[in-house]
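Q: output the structure for:
(chains A, B and C)
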Amino acid sequence: MSPQNPAAIQVAGQAGRLLMKLRAERPLVQAITNYVSMDVAANALLAIGASPAMVHAPEEVEDFVAIANALVVNIGTLSTDWVVGMEKAAKAAGGLGKPWVLDPVGVGATRFRDETTRRLLALRPTIVRGNASEIMASARAAGLSEEAVKPKGVDSAHGTEAARAPAIALARHQNCVVAATGPVDLVTDGERVVEIANGSPLMAKVTALGCALSAIVAGFAAVERDPFVATAAAIGVYGVVGEIAAEKAARPGGFRVAFIDALDAVSAEEIARRVRAR
Amino acid sequence: MSPQNPAAIQVAGQAGRLLMKLRAERPLVQAITNYVSMDVAANALLAIGASPAMVHAPEEVEDFVAIANALVVNIGTLSTDWVVGMEKAAKAAGGLGKPWVLDPVGVGATRFRDETTRRLLALRPTIVRGNASEIMASARAAGLSEEAVKPKGVDSAHGTEAARAPAIALARHQNCVVAATGPVDLVTDGERVVEIANGSPLMAKVTALGCALSAIVAGFAAVERDPFVATAAAIGVYGVVGEIAAEKAARPGGFRVAFIDALDAVSAEEIARRVRAR
Amino acid sequence: MSPQNPAAIQVAGQAGRLLMKLRAERPLVQAITNYVSMDVAANALLAIGASPAMVHAPEEVEDFVAIANALVVNIGTLSTDWVVGMEKAAKAAGGLGKPWVLDPVGVGATRFRDETTRRLLALRPTIVRGNASEIMASARAAGLSEEAVKPKGVDSAHGTEAARAPAIALARHQNCVVAATGPVDLVTDGERVVEIANGSPLMAKVTALGCALSAIVAGFAAVERDPFVATAAAIGVYGVVGEIAAEKAARPGGFRVAFIDALDAVSAEEIARRVRAR
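A: Numbering: from 1, shown residues only, chains lettered A, B, ... in the order given. Below you'll find the model as predicted:
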């Protein structure tokens, strides 16, 4: 992206404001998420100022989507009975026009994950967030051709560049926002593309921080109508928080504590000063 | 309550002693609890000196209740297959005369939770612990009239006052102890009523600390025959621990660490000096 | 063991090297583990340098075992539907010659656990790790006679001595490695026996650190062909890490943070200097 990328200018200008809006509105985020991430995702949502609710049973997901402000569906610790609740919740969110985020953890690793991702993509998530390989596998699961999924041109070694073409193709095919996160994060709605160059390598040393990010993306989408801006802003805030935490703690145990503290403490001014969107 | 409330004097006088008794006896607390709370509830039980065991399967709950000293049933991340184990365990505890605590997380939010709470209340929990709105919804689930559930007189804005009338009505109807926790906590057995004015707002910024409290209430009920005194003492200890932790850490990540440390470190003398029962 | 125990000399000499090997190879450890342990086991694996994946569904465990480097099966929060996935995964690991660890949490407490342990033992785990009473109950579940399970001679009060005879008998019967952990840990393959005298009492004050150890044992078994050496080395490293953490924090909240930090920070030199194998 050039420094004049208007999408980047918009994201950098909005991220701090959206953080304040989230804290003021305290959106209720319903999370159907994996067991590993339950604790850290709930705590991350609380720390940033949202209100988490982990509700997954087919018997009640529709009732709950009706009162939630956004939904995240994460397939990390998948099982057949949970897929039923995921699909019901996703349909309910779609029907009510509420934003929902799909986090296709581990898609590409097993046929069960590929098939589940295919079914969930058919229910039209507002946003898909994963790492580069999950975004590529999601594009395959959506039925895109190998030609579309294949990285284009001289791709750099880092995963985000490799995910650029499939992310854009998936976003266009699904008419959704796609975020491929990694050392550099990429967000696209198929037309606009922004890269976010914040974060810390320590974030990959704490389990489920990516899952917690997907939940926070849902929170931002609850307070901002443009899901592209919401997603990129959430990712920018998260990356800045990771940098602040890494200034406090150099090892993963202390880093996790500092990360939760920084989600609570970070100001709109710090966000505006530190987000590197391009 | 007047300063001469005999129940308050009793609770303030007993809380420290019961903490020491719990640490000496190390009661085995069986927890059928939600996924979000598993880690923090187990660690809170260990830190205060109890022995946690998360055992929920219908195939084994009865065997396990037979060796446990108390049971907590928490409906946070509810599903139909878990309700079977909850009901079997509750029946077994009732049959063996072992105390059990119901934590009706989110009751009032969905019909599934209302119906599950109704079924569990019919199995006669020793203690029901929830926030003000959960206690009001539990009273409705128990079949109490809107007249009984409705806050009486000039209720203050804070939730605990609003929960006073339904808490007392529910306790009388169920012949159990009811605790409505919030900025000020209220405990009643339908006759005695005590308020506990300890705690810190940071406790609401860490997920599942309420669920962990329900598990600790079960631990106190295992070492004290009067469940009203056990419940109020546990809540008083927990609130003092929250205050001590808040003196150490101002943000939720560090607060959680300090809270677990304080559960381990707090002395009977600190409890006696700091519990504010009235 | 005498100071000249060749197995102890081998373990002490190899532990640091195997830690470096694990960090270099980053084995993918598939964990079918209990809900309580999900967070801490994943974080412990990440901190020490392995790559965790919690995958349990019958629909995908075989696909996933094919890409994993080792498997741990932990029965802590057991239910019938999970047993199906456990058995499929264990069979797949056996068929592919990949090491797998059984952690029979709570065996002996209920018939369901005894029966599940019996079925899993029949699938030939590479390593069984539990506390002394779980190893004794596993020996019973394997069909060993009370005579074989009974502690031999003048057993000391501490659990590890009591578990010596059943651990050796179980290892011979199963042709596997058995680790009975406690204040002193014992590892045997039925011929070799080594004791590890590292660790801190604080490790028992943090939930699921034993479960996390079983996952780390799987990680070591992925990088070392001799499962006896792998198991004893993992236990030695873990104990040293516990000692380092106990030098930093005296209470369980802070200890957990320091423990994760020390898994990340500990050097091969510290391991070589501090492992007490005998």
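Q: up against chain C, what does chain A have?
A: Proximity of chain A to chain C, by Cβ under 8 Å from any Cβ of the partner chain, involves residues A:34-36, A:38-40, A:76-81, A:106, A:109-113, A:204-208, A:251-254, A:256-257. Just so you know, the C-beta spots here come from the backbone N, C-alpha and C atoms, and that holds for glycine as well.
Q: tell me the buried residues in the longest helix seen in chain A?
A: The single longest helix within chain A, with elements called by DSSP state H, is helix A:227-248. For helix A:227-248, a neighbour-count test (16 or more other Cβ atoms under 10 Å in any protein chain shown) marks A:227-246 as buried.
Q: try stretch A:91-104
A: So stretch A:91-104, judged by 16+ other Cβ under 10 Å, has buried residues A:K91, A:A92, A:A93, A:G94, A:K98, A:P99, A:W100, A:V101, A:L102, A:D103, A:P104.
Q: residue of chain A with the smallest distance to chain B?
A: A:I260 (3.1 Å; Cβ to the nearest Cβ).
Q: hang on, that residue in a strand?
A: No: counting by DSSP: H, G, I helix; E, B strand; the rest coil, A:I260 is not found in a strand; it is helix.
Q: any residue of the longest helix of chain A up close to chain B?
A: No: using Cβ under 8 Å from any Cβ, helix A:227-248 stays clear of chain B, coming no nearer than 8.8 Å.
Q: picking that back up, excluding chain neighbours, what is closest to the residue of chain A closest to chain B?
A: B:G253 (3.1 Å; Cβ to Cβ, 6 or more residues apart in numbering or on different chains).
Q: elements contacting the host helix or strand of the one you found?
A: B:G253 belongs to helix B:252-265 when assigned by DSSP states H and E. Helices and strands touching helix B:252-265, as assessed by 3 or more Cβ pairs under 8 Å, 6 or more residues apart in numbering or on different chains; DSSP states H and E, comprise helix A:38-48, helix A:252-265, helix B:38-48, helix B:227-248, helix C:252-265.
Q: what residue ranges in the stretch 101-250 of chain A score low on pLDDT?
A: In the predicted model of the stretch 101-250 of chain A, residues A:151-158 satisfy pLDDT under 70.
Q: which stretches of it form strands?
A: Remark: strands assigned in the stretch 101-250 of chain A by DSSP state E, counting those that start in this stretch are A:127-131, A:177-181, A:185-188, A:193-196.
Q: most tightly packed of these?
A: The highest mean neighbour count among the strands of the stretch 101-250 of chain A, using mean count of other Cβ atoms under 10 Å in any protein chain shown, belongs to strand A:177-181: a mean of 29.
Q: A:A262 contacts A:A246, correct?
A: No: here A:A262 does not reach A:A246: they are 9.4 Å apart, not a contact under Cβ atoms under 8 Å.
Q: interface residues of chain A facing chain B?
A: Proximity of chain A to chain B (Cβ under 8 Å from any Cβ) is limited to residues A:35, A:38-39, A:42-43, A:46-47, A:52-57, A:59-60, A:63-64, A:67, A:81, A:256-261, A:264-265.
Q: may I see the ChimeraX selection of the buried members of the residues you listed?
A: To isolate in ChimeraX the members of those that are buried, counting by 16+ other Cβ under 10 Å, one can use:
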select /A:35,38,39,42,43,46,47,52,53,54,55,56,57,59,60,63,64,256,257,258,259,260,261,264,265
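Q: what segments of chain A are helices?
A: Counting by DSSP H, chain A has helices at residues A:6-25, A:38-48, A:61-67, A:80-96, A:111-121, A:132-141, A:146-149, A:159-174, A:209-223, A:227-248, A:252-265, A:268-274.
Q: from the middle of its chain, how far away would the shortest one be?
A: Spelled out, it's helix A:146-149. 23 Å (Cα atoms, centre = their mean, to the nearest Å).
Q: quick one: which of the helices and strands packed on helix B:252-265 is nearest A:F220?
A: Between A:F220 and the helices and strands packed on helix B:252-265, the tightest spacing by Cβ to Cβ is seen for helix A:38-48, at 9.2 Å.
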